[in-house]
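**Q** Sharing a model that was predicted from the sequence below.
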Amino acid sequence: MERPSVGTASSIAGVHIIIDASGVPRLDQASDFTAFSIKASDPDQAAVLTALAASGAVASESDHVFVAVDAVRTWAMSGAAVDDAETWEAGFAKMLAYAGSKGWMDDKGSAIKAHIEAL
């Protein structure tokens, strides 16, 4: 399966869940479906899980967190993260299919695996 490439190129490509000092998750580069990660001002897994608990952390594994697909969708549709919901949803579906083909989804297909990086 070919890796999806929707959105604009960036030196640090991909959809990023940003968790800054406020502790409120938001999406950055919401339409760049070439990668998926969490960037946090406190990259400690426990801190990330706490920040995501109310809206989307499903489970953790090593230095990864499974994030609810519905939470990503909600973050994308809130604020001004996405200009065209239909186009975004099509690109997101391709990203999820690719992630599933690589084993980066949970068993139910309702959460996607993200690695954690320092912001």
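**A** Sure, I can see it. Residues are numbered from 1 along each chain as shown.

**Q** And the helices in the chain?
**A** 45-52, 69-77, 85-101 (DSSP state H).

**Q** Could you export those helices as TSV, including distance to Ser31 and mean neighbour count?
**A** Backbone N, C-alpha and C define where each C-beta goes, glycine included. Below are the helices of the chain laid out as TSV (distance: least, Cβ to Cβ, whole Å; neighbours: other Cβ atoms under 10 Å):
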stretch	distance to Ser31	mean neighbour count
helix 45-52	21	18
helix 69-77	8	18
helix 85-101	6	16
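
**Q** mind putting these in JSON lines, distance to Asp32 and mean pLDDT included?
**A** Formatted as JSON lines, the helices of the chain follow (distance: least, Cβ to Cβ, whole Å; pLDDT from 0 to 100):
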{"stretch": "helix 45-52", "distance to Asp32": "20", "mean pLDDT": "88"}
{"stretch": "helix 69-77", "distance to Asp32": "12", "mean pLDDT": "91"}
{"stretch": "helix 85-101", "distance to Asp32": "9", "mean pLDDT": "95"}
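
**Q** Can you add distance to Leu27 and give those back as TSV?
**A** What follows is those, written out as TSV (distance: least, Cβ to Cβ, whole Å):
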stretch	distance to Leu27
helix 45-52	13
helix 69-77	5
helix 85-101	10
